[in-house]
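Enquirer: model this:
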Amino acid sequence: MMKICFAGAGALGSSLGGVLAAAGADVVLVDTWRAHVDSINRHGLCLTTNAQEHRVAVRAATGFESLGTMDLVIVLVKSFATREVMQSARAVVGEDTVVMSIQNGLGHEEILAELVGRHRVIGAKTYAGGQLLSPGHVVAGIAGKETLMGELDGRLTDRVQQIAQTFNRAGLLTRVSDNIMGVMWDKLLINVATGALTGITRLPYGPLGEVPEVQSCALEAVAEAIAVAKASGIQLSSTDPRDAWHKATAGLPVGFKPSLLQSVEKRERTEIDFINGAVVRWGERCGIATPVNRTLLACVKGIERSFSR
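Expert: Modelled structure (predicted):
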């Protein structure tokens, strides 16, 4: 049986980990939120899926010490916390351990490769979701929501197939991709289209789409990102900026607030460095100017700076 450690057990980590544990996988959830960890260890994880609530017996811990070597470490913390968490999580990394990121944005895979070796790292993106209602209680949104995973170099390896099989056996719709970097960029374009603009304007999706100037800015930011991806040899599913704009809001309520806006409202650090910031960094590497993304990055960084005043 595969031993799986979730480095980060917020809404999504608890949802995926709970579903895997309910299917019989050997899972441990690691998170710094002690009330959440204590509740899981005392009462089990209260997991709601498809409007049905049940208790799942799963281990939880606030640190990685004494957990032993894991077969798979799934990193699900905020992107800016990747380095700190993975430095601690190296305690559970053995000779054959695989480290998989299912985080927002782009750039965390480079941090993981630096810390544990690129040969250990695989990429993933998921459209599953979760809502953490209270310590030890999570609602998992997994029905029909696909997860894609793959080797960073595009190889179709046995280890990725085994992880995908474990996910699928648990009812998590999962597919192996030979273009995971393209998948990660596809998801990045969606975040580039709306994340920073919601944080700057404080508008949820509905009102955001009603401002022509905002949509124009979003399309320019995505067009820059597409140009950077092309110059970097990334294979995208679409090169029309309008597709990213429409995908960002498809099927979501007009009052929906993406994670970046939620962070701004809570006066917390955002993942902007791994969204628009990633476009800027990659653009610098390949000589593509990204003035719109650079401006959006600067605006959100300024908003973050105001939190400390």
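Enquirer: What is the least confident helix or strand in this protein?
Expert: When the helices and strands of the chain are compared on mean pLDDT, DSSP states H and E, strand 129-134 comes out lowest with a mean of 90.
Enquirer: Counting neighbours, show which residues of that strand come out buried.
Expert: Of the residues in strand 129-134, those scored as buried under the neighbour-count criterion (16 or more other CB atoms under 10 Å) are 130, 132. Glycine gets a C-beta too; all of them are placed from N, C-alpha and C.
Enquirer: Tabulate the CA atom coordinates of that strand in PDB.
Expert: Below are the C-alpha coordinates for strand 129-134, written out as PDB (Å, rounded to 0.1, in the frame of the first residue of the first chain):
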ATOM      1  CA  GLY A 129     -12.100  21.600  -4.700                       C
ATOM      2  CA  GLY A 130     -13.000  21.700  -1.000                       C
ATOM      3  CA  GLN A 131     -14.400  23.900   1.700                       C
ATOM      4  CA  LEU A 132     -13.200  23.700   5.300                       C
ATOM      5  CA  LEU A 133     -16.200  24.400   7.500                       C
ATOM      6  CA  SER A 134     -14.600  24.000  10.900                       C
END
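Enquirer: what lines up beside it in the sheet?
Expert: Partners of strand 129-134 in the sheet, by DSSP bridges, are strand 137-141 (antiparallel).
Enquirer: Need the pLDDT of residue 145.
Expert: Residue 145 is assigned 89 on the pLDDT scale.
Enquirer: where does it land in three-state SS?
Expert: Three states are possible here, and by DSSP: H, G, I helix; E, B strand; the rest coil the one that applies to residue 145 is coil.
Enquirer: do residue 156 as well
Expert: Under the three-state scheme (three-state DSSP), residue 156 adopts coil.
Enquirer: cool, and residue 74?
Expert: strand.
Enquirer: That one reaches residue 103, doesn't it?
Expert: No: with the criterion set as CB atoms under 8 Å, residue 74 and residue 103 do not qualify as a contacting pair; they are 9.8 Å apart.
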